[in-house]
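Visitor: Take a look and give me a structure for this.
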Amino acid sequence: MDPQLHTHCVSANMARGNDGRWTAVHHPSLFRAARTAGYLYQAHLRALVCERLGLEWGQVRKGAAELVAIDREVLEEFSRREEVQARAAEHGLDRDERARVERVAVNALEQGPRRHLVDELESERELADRLAGPLGLTALQNTFDHRAVLRAVAEEAQQGARVELLVERGSRFAGRQDVLRTDRGELTTAELVAVERRLIAAAQGRACEGVGRVDQQIAERAIVQCPHVLNEGQRKAVEATVSSGHGVQVIEALAGTGKTYTAGALRHVYQQAGYPVAQRGCS
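Guide: This is a model prediction of the structure:
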């Protein structure tokens, strides 16, 4: 009683080792690949439905899309799966809802198998240029892997694409001259490296300018007045920044260590010292 086409793949959590013993599967690599596999599956499904039934898909969100021919209210009704099953068991499906779903299926079957896959992507080169640009795969992170490439390519294929085509596109993108491999085997872009080089050059060129220094006592009082207590690492970052005199101060830390809050504390210290502050967020 669910019109949402999907597949369940069941695999026993066991494998036979070289010694002949059966043990549990070492699963981290499978877990890391699961999300990407889902994106590829959905894109392949969209392609086959377009080719065989001539149906079109709506906007892709998180790798999946809905059929344009199915009304929104029907989709919302079937999304309440438990309620639908209970009502169907007791009274049967609403006649109008059932008719609308059946009409879509009958129309598709009457048309018969035909090639209807219209590639609505930009050209592959335009897509690759966008993925390698500032709003692409490095928009929110400095590096990415091949799985991220496959997910991005699959999500752009609104009407779907077969897995082998997506894999080929992903490989060609990874082989571009402006897609670089890091020492740790991750990928990044020449555009991002150029930005980092400009930042480094700015930091080096404006070192020891003697600007932006805050009196130690003023800094200490301002730090004490912060809404939340700074931990040792955050306090050291604030103290080093307001005393260095560098025109550009670089602060590097892992995700979740409080960089945004530290930036707010720096703003507070500088404002207490009489400096006008323009704060901008960045990734």
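Visitor: now the helices for the protein?
Guide: 28-53, 72-79, 81-90, 95-111, 124-131, 146-156, 163-174, 190-205, 216-224, 232-244, 259-272 (DSSP state H).
Visitor: out of these, which comes closest to residue 64?
Guide: For the helices of the chain, proximity to residue 64 was assessed by CB to CB; helix 28-53 is nearest, at 4.8 Å. No exception for glycine: its C-beta is placed from N, CA and C like everyone else's.
Visitor: Let me know the average pLDDT across that closest one.
Guide: In this model, helix 28-53 has an average pLDDT of 91.
Visitor: Report the distance from that helix to the chain centre.
Guide: Centroid separation between helix 28-53 and its chain, computed with CA atoms, centre = their mean, to the nearest Å, is 16 Å.
Visitor: Relative to residue 14, which of the helices of the chain is closest?
Guide: Proximity to residue 14 (CB to CB) singles out helix 28-53 among the helices of the chain, at 13.0 Å.
Visitor: can you pull the buried residues of the closest one?
Guide: Within helix 28-53, the residues that count as buried by 16 or more other CB atoms under 10 Å are 36, 39-47, 49-53.
Visitor: okay, the helices of the chain in TSV with distance to residue 137 next?
Guide: As requested, the helices of the chain are exported to TSV (distance: least, CB to CB, whole Å):
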stretch	distance to residue 137
helix 28-53	13
helix 72-79	31
helix 81-90	35
helix 95-111	36
helix 124-131	5
helix 146-156	6
helix 163-174	9
helix 190-205	9
helix 216-224	38
helix 232-244	29
helix 259-272	22
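Visitor: Tell me which of those helices sits most buried.
Guide: Scoring the helices of the chain by mean neighbour count under mean count of other CB atoms under 10 Å gives helix 146-156 as the most buried, with a mean of 21.
Visitor: give me every residue that touches the most centrally placed residue in the chain.
Guide: Residue closest to the mean C-alpha point of the chain, counted by CA atoms, centre = their mean, is residue 148 at 7.6 Å. Each residue near residue 148 by CB atoms under 8 Å, 6 or more residues apart in numbering is listed here: residue 137.
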